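Chemist: below: sequence and its predicted model.
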Amino acid sequence: MPAKQAPLPVLIVGNGPVGLLTALALAKQDVEVILIARHMRRLGVPKAHALSPRSLEICRQLGLPVAEIRRLPAHRNDARWVRFMTNCSGQLVGTLPYENMGLDVLDHTPEMVHNVAQPDLEAIMEYMLDAEVNVDYRLGWTWISHEEVTRNGETICVSTVEDTYTGEEMQVESCLVVGCDGANSRVRKAVGISSEGEETADTMITIHFSADLRPVVGDKVGMLYWILDPEARGFIISYDIEYNHVLIHNIDPDVTPLSTFTPEKCMNIVRAAIGTDIPVDFNCSMPWILRRKVANNYYRGRAVLAGDSAHSFPPTGGLGLNSGIADAHNLAYKIAAAYHGWGHLPTLLKSYESERRPVALHNSIQSVKNGKKIFHLLKALRNTGPDIPSARLEMMRALNDPQQRNYVQALIQDQAEHFDNLNRHLGYVYEPGWTPQQSQVYKPQYRRGARFAHAWIKSKVPGVIPPLDPVDLSYLDDLSNSKAKDWNFSVLDIVPLGLYTFFYSGSTWGKKIPVLRQMFAQQGVPLKVVEVGKDFDFVEKKPGKAWMEGYGTSKSGGVLVRPDQHVQCVVAGNELPQRILDDVLRTLGRQY
């Protein structure tokens, strides 16, 4: 992609959250985008719900209104627990925390997890896109195929798209095709990318319904309700406890064919899950199989995959949407670098695959593991037989037997990893051979490839923090007034999209900083330089000291952070500017 003339736009296929976020991230880096979607209106099924701390950090960097997202349900006090119950009005068998919603998580991130129905998140993203002049958003167009041709020495993509409703065809030229078109991706199939995965014997049906469950559950509010009753075995996701829910029900199609799941039958299952007679509206239902799939390649030629088109796995763990958002974040700055002429596209696409695919593999395996463990728990109650009254009787016998009940409660406690993924959300490292040791406990890693570590800061120089609203902590009714007043910005906020940011401390850098700036400028690589202690300071001494010791700035070292807020390199005070630049140019695939 030459810098000497205006490049062709990037074509994004699919307007789910990953497609929308990719478009927004590119537009904010002055990349022209054409975004197409098959339908004029999206489905109302709520789908994913958990926005991880990392995803919200990314949303914040992109200028999405996180405070507005948090005003949408499910609110923190309604979403802190996972309940294991015979039914929603029945016996409580066990409780686990849902993700980490304690104040201690704010030692590691400015953004606590929030649960919001996917269509509501997409609506906010679409609203933000409306203000972007760099985005041409076309609804009702289906991507059919593409070919790559050479014109004036440059490779371009010529895609055939058709009007979904009339069949009219047209051609769209772009510098790249980004497939964000879901698990059944046309883009992936068209370019012949295969997938590896694992399919279980568990078939599910998702039933979307509307009801006010607050009077039913009383003080047992929760984000998830695992229903043990054999007629409704599965779990309820309460996107809004007073209105919006899905029941994901485990079925055996050999015993009960999918064709028999009429709206009436689905409503009977929902009523069994609720356990008492209240007004309920049926919205829709959809069957699926507990499986994982990860593409063997994330790109081929000028076609790239992101989100569910690259990886799809069960909802057990809430890792799918968040993996896709991180895909978009990683990919967008690399496309922008190539688009503006300071990065080599083939090298950057290769690094996108090598960094994001291992994360998807680990998350997909964990998601299937979670699903197998949780349904093993349900089967331990001996409530899986086709005779519902007999199975219900067996379940109650098991729960009334002290030894069997203790066994079931131990199995419930063994599910804790399923619902606490802070380390998976914050602790992944872009490094060959990296493997997560566990899901729950996160410790900052002050190293290459890791997410840049959070600490609360205050600016000492105008402009060091980009134009951002203070972090919204108004949803925390247990946060002290002093912290609510002082915790306004994270050191992550200093790192803008589209630039490398170098943090340093110590007089040894005095003469080297102008040289570093000049070298980056000569190569066309955008760089921001920040002096720790002079341009900003830490709100609290102990976390600030740990941060400085971790990155070596307490001993005149420095840390270079990529546009996606991952660490490029940690350097000692005697490091030469040329070596820092060489490292960046190498990862950008630049020859100089």
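Modeler: Happy to help now that I have it.
Chemist: direction included, what does the helix or strand hosting V567 pair up with?
Modeler: Element membership of V567, judged by DSSP states H and E, is strand 567-571. Within its sheet, strand 567-571 is paired with strand 558-561 (antiparallel), according to DSSP bridges.
Chemist: how far is the strand holding V567 from where the chain is centred?
Modeler: Offset of strand 567-571 from its chain centre (Cα atoms, centre = their mean, to the nearest Å): 24 Å.
Chemist: relative to the whole chain's centre, how far out is the next helix or strand along the chain from that strand?
Modeler: Per DSSP H and E, the first helix or strand lying C-terminal to strand 567-571 is helix 577-588. Relative to its parent chain, helix 577-588 has a centroid offset of 29 Å by Cα atoms, centre = their mean.
Chemist: name the residues that touch helix 577-588?
Modeler: Under the criterion Cβ atoms under 8 Å, 6 or more residues apart in numbering, residues 337, 342-344, 347-348, 351, 500, 502, 512, 515-516, 519-520, 523, 525, 560, 568-569, 571, 592 lie in contact with helix 577-588. No exception for glycine: its C-beta is placed from N, CA and C like everyone else's.
Chemist: rewinding a little: name the residues that touch the strand holding V567?
Modeler: Residues from elsewhere that reach strand 567-571, judged by Cβ under 8 Å, 6+ apart: 446-452, 500, 551-552, 557-562, 579-580, 583-584, 587.
Chemist: residues touching the residue nearest to P444 when sequence neighbours are not counted, list them.
Modeler: Nearest residue to P444 in three dimensions, chain neighbours excluded: A453, at 3.9 Å (Cβ to Cβ, 6 or more residues apart in numbering). Residues near A453 by Cβ under 8 Å, 6+ apart: 444-446, 491, 547, 550-551.
Chemist: ok, back up a step: any of the contacts of strand 567-571 buried? List them.
Modeler: Buried members of these, counted by 16 or more other Cβ atoms under 10 Å: 446, 448-452, 500, 551-552, 557-562, 580, 583-584, 587.
Chemist: before we move on, the earlier item: same list (the contacts of A453) but as TSV, adding distance to I251.
Modeler: Converted to TSV, the contacts of A453 look like this (distance: Cβ to Cβ, whole Å):
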residue	distance to I251
P444	43
Q445	42
Y446	48
V491	49
W547	50
G550	50
Y551	52
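Chemist: ok, of these, which one's closest to G371?
Modeler: Closest approach to G371 among the contacts of A453 (Cβ to Cβ): Q445, at 28.6 Å.
Chemist: tell me the bridge partners for the nearest residue to the closest one once chain neighbours are set aside.
Modeler: Distances taken as Cβ to Cβ, 6+ apart place V429 nearest to Q445, at 6.2 Å, with adjacent residues excluded. In this entry, V429 is beta-bridged to A450, by DSSP bridges.
Chemist: so where's the stretch 351-500 of the chain shaky on pLDDT?
Modeler: Along the stretch 351-500 of the chain, segments meeting pLDDT under 70 span 382-385.
Chemist: got the residue ranges for the helices in it?
Modeler: Assigned by DSSP state H, counting those that start in this stretch, the helices in the stretch 351-500 of the chain fall at 388-400, 402-413, 422-426, 481-486.
Chemist: deepest-packed of those helices, please.
Modeler: Most buried of the helices of the stretch 351-500 of the chain by mean neighbour count (mean count of other Cβ atoms under 10 Å) is helix 422-426; its value is a mean of 23.
Chemist: and the helices of the stretch 351-500 of the chain as CSV, adding distance to G320?
Modeler: Shown next, in CSV, are the helices of the stretch 351-500 of the chain (distance: least, Cβ to Cβ, whole Å):
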stretch, distance to G320
helix 388-400, 31
helix 402-413, 24
helix 422-426, 12
helix 481-486, 33
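Chemist: these: which one's closest to A117?
Modeler: Closest approach to A117 among those (Cβ to Cβ): helix 422-426, 19.4 Å.
Chemist: and that closest one, how far from the chain's centre?
Modeler: Helix 422-426 has its C-alpha centroid displaced from the chain centroid by 11 Å (Cα atoms, centre = their mean).
Chemist: run through who's touching that helix.
Modeler: Counting by Cβ under 8 Å, 6+ apart, 52-55, 99-100, 105, 108-109, 113, 319, 322, 362-363, 366, 436-442, 451 sit against helix 422-426.
Chemist: just the buried residues out of the residues you listed, in ChimeraX syntax.
Modeler: Buried subset of the contacts of helix 422-426, written as a ChimeraX selection, criterion 16+ other Cβ under 10 Å:
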select :52,53,54,55,99,100,105,108,109,113,319,322,362,363,366,436,439,442,451
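Chemist: about what we covered before: looking at the helices of the stretch 351-500 of the chain, which is closest to E148?
Modeler: Comparing the helices of the stretch 351-500 of the chain by Cβ to Cβ, helix 422-426 comes nearest, at 35.9 Å.
Chemist: just give the number of residues close to D30.
Modeler: Number of residues near D30 (other Cβ atoms under 10 Å) recorded here: 12.
Chemist: what are the phi and psi values at it?
Modeler: phi 60, psi 40 (degrees, to the nearest 10).
Chemist: which strand or helix spans D564?
Modeler: Going by DSSP H and E, D564 is not in any helix or strand.
Chemist: so what's it up against?
Modeler: Residues in contact with D564, defined by Cβ under 8 Å, 6+ apart, are 329-330, 333.
Chemist: so how far is L224 from the closest residue in space to V441 that isn't next to it in sequence?
Modeler: Residue nearest to V441 in three dimensions, not counting chain neighbours: N423, with 5.9 Å by Cβ to Cβ, 6+ apart. Separation of N423 from L224 (Cβ to Cβ, to the nearest Å): 20 Å.
Chemist: so where do the helices sit in the stretch 151-300 of the chain?
Modeler: Taking DSSP H, counting those that start in this stretch, the helices of the stretch 151-300 of the chain run over residues 186-190, 214-217, 263-274.
Chemist: in a markdown table, list these along with distance to S507 and mean pLDDT.
Modeler: Listed next are the helices of the stretch 151-300 of the chain as a markdown table, based on distance: least, Cβ to Cβ, whole Å; pLDDT from 0 to 100:
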| stretch | distance to S507 | mean pLDDT |
| --- | --- | --- |
| helix 186-190 | 53 | 97 |
| helix 214-217 | 61 | 98 |
| helix 263-274 | 66 | 97 |
